[in-house]
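Asker: Output the structure for:
(one chain, ligands or ions: 1)
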Amino acid sequence: MLRVLILGGTGVAAELTARLNNITGIEAIASLAGRTREPVAPVGNVRIGGFGGVTGLAEYLQHQKIDVLIDATHPFANHISWNATAAATQAGIPRLLVNRPPWEKQPGDIWIEVENNTEAAKLLANQALENQALENQLFKHQTKRVFLTIGRQEISAFSHLQEMWFLMRMIDPPNADVVIPPGLMLFDRGPFTFDDEREILTKYNIDTIVSKNSGGNATYPKIIAAREMGIKVVMVKRPPVPPGELVADVESAVKWLLEKVGS
Ligand code: NAP
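Answerer: Residues are numbered from 1 along each chain as shown. All right, here's what the predicted structure looks like:
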């Protein structure tokens, strides 16, 4: 029996776990961080909670006799991905990263790409960013009502922007110590449809969206709606991925694993 640990918290991981558990000779164990109160847990063997850094994960891999580690976490869950790479090396097992491609800017999109949420907040505040003087011109007018779709963990980065109004979408409420920007919190979980997103943008009179470049289809409709409605998007770029083997989707991950088993 080939024991595969899948680091998850994403639809991709849930799908991959289900696929692998249907293949004779493979046992897939899904791992969730435990952040979401009611996670959409993959069917089958699931463990929940952090491992305790690289050392903790390497020990888990060894004690649980894991043969292969598949990192199917969200593209912005960066710590766990670097930890996974180091821990797999320590444990001496192969590691695959499943990382879907980022969205590409399309004709009609009004995007300004930034490195992180702090830069996004600076841009909204109309502060000059290095190398982006021209783009900043776009923000000189009418950035007042912002759809903040970055989850709940980093909304404090925008809390000093008291002259703006934020519609903040997230799955669960933020922790008690988080300083919340002015506006309204909307608790919801994707996937979202184009019609839903257009309705939200219209109803709340949104002029700017802040989004992570998550890639995939589940949260892309807001980007299409923004394009069609001429709404600006501050797009937070992907963090760098750790070195090592990488595929873009579930299908390729299954193929990679079956080739490994065969070899
Ligand atoms: P992160 O910053 O990369 O990870 C922080 C810590 O959480 C890790 O060091 C690890 O703790 C633990 N952890 C993360 N993913 C884990 C997993 N699948 N199983 C066990 N422990 C895990 O991650 P994050 O950005 O907080 O995201 C947490 C989870 O939410 C991830 O699993 C991710 O797939 C999911 N998610 C994240 C986003 C996002 O935008 N960041 C969006 C959708 C879903 P230890 O060091 O103690 O092992």
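
Asker: Just list the residues touching R169, thanks.
Answerer: The neighbourhood of R169, defined by Cβ atoms under 8 Å, 6 or more residues apart in numbering, consists of 147-149, 185-188. In this view, the C-beta of every residue, glycine as well, is placed from N, C-alpha and C.

Asker: What parts of the stretch 151-263 of the chain come near the ligand?
Answerer: For the stretch 151-263 of the chain, the contact set with the ligand under Cβ under 6 Å from any ligand atom comprises 151, 212.

Asker: Distance check, the closest residue to the ligand within the stretch 151-263 of the chain against S211.
Answerer: Scanning the stretch 151-263 of the chain for the residue nearest the ligand gives G151, at 5.1 Å (criterion: Cβ to the nearest ligand atom). Between G151 and S211 the distance is 11 Å, computed by Cβ to Cβ, to the nearest Å.

Asker: And for L186?
Answerer: In this structure, L186 and S211 are 14 Å apart, going by Cβ to Cβ.

Asker: ok, now P243?
Answerer: On the measure of Cβ to Cβ, P243 and S211 end up 27 Å apart.

Asker: Give me the more crowded residue out of the two.
Answerer: Regarding P243 and S211, a neighbour count based on other Cβ atoms under 10 Å identifies S211 as having more, with 21 against 9.

Asker: What residue, apart from its backbone neighbours, is nearest the more buried one spatially?
Answerer: Of all residues beyond its chain neighbours, the one nearest S211 is T149 (5.0 Å), with distances taken as Cβ to Cβ, 6 or more residues apart in numbering.

Asker: That neighbour: neighbouring residues, count only.
Answerer: Summarising burial for T149: neighbours were counted as other Cβ under 10 Å, giving 23.

Asker: Pretty sure it sits against T208.
Answerer: No. In this structure, T149 is not within contact of T208 by Cβ atoms under 8 Å, at 11.1 Å.

Asker: and the next element down the chain from the helix-or-strand element of the chain with minimal mean pLDDT?
Answerer: Taking all helices and strands of the chain together, the one with the lowest average confidence (mean pLDDT, DSSP states H and E) is helix 133-138, at a mean of 56. Past helix 133-138, further along toward the C-terminus, the next helix or strand under DSSP states H and E is strand 145-149.

Asker: anything in that following strand sitting right up against the ligand?
Answerer: No. Contact check for strand 145-149 against the ligand, using Cβ under 6 Å from any ligand atom: none in range, with a minimum separation of 10.2 Å.

Asker: what's the neighbour count on A87?
Answerer: The burial count assigned to A87 is 26, neighbours taken as other Cβ under 10 Å.

Asker: quick one on the thing from earlier: most neighbours, which of the contacts of R169?
Answerer: Compared across the contacts of R169, L148 has the highest neighbour count, 30 neighbours, by other Cβ under 10 Å.

Asker: what's near enough to touch that one?
Answerer: Taking Cβ under 8 Å, 6+ apart as the definition of contact, the neighbours of L148 are 155, 158, 166-169, 181, 183, 210.

Asker: and it, bridged to which residues?
Answerer: Listed by DSSP bridges, the beta-bridge partners for L148 are M168, V210.

Asker: what about it, distance to the ligand?
Answerer: In this structure, L148 and the ligand are separated by 13 Å, where distance is defined by Cβ to the nearest ligand atom, to the nearest Å.

Asker: Just the pLDDT for that residue.
Answerer: Per-residue confidence at L148 stands at 98 (pLDDT).

Asker: do the same with V261
Answerer: Value for V261, per-residue pLDDT: 75.

Asker: same check, this time on L184
Answerer: With respect to pLDDT, L184 scores 98.

Asker: OK, contacts around it?
Answerer: For L184, the contact set (Cβ under 8 Å, 6+ apart) comprises 165-168, 204.

Asker: Please apply the same query to P239.
Answerer: P239 makes contacts with 75-76, 78, as judged by Cβ under 8 Å, 6+ apart.

Asker: host element of it?
Answerer: Under the assignment here (DSSP H and E), P239 is part of no helix and no strand.

Asker: Please name the nearest non-neighbouring residue to V68.
Answerer: In space, V68 is closest to V4, 4.8 Å off (Cβ to Cβ, 6+ apart).
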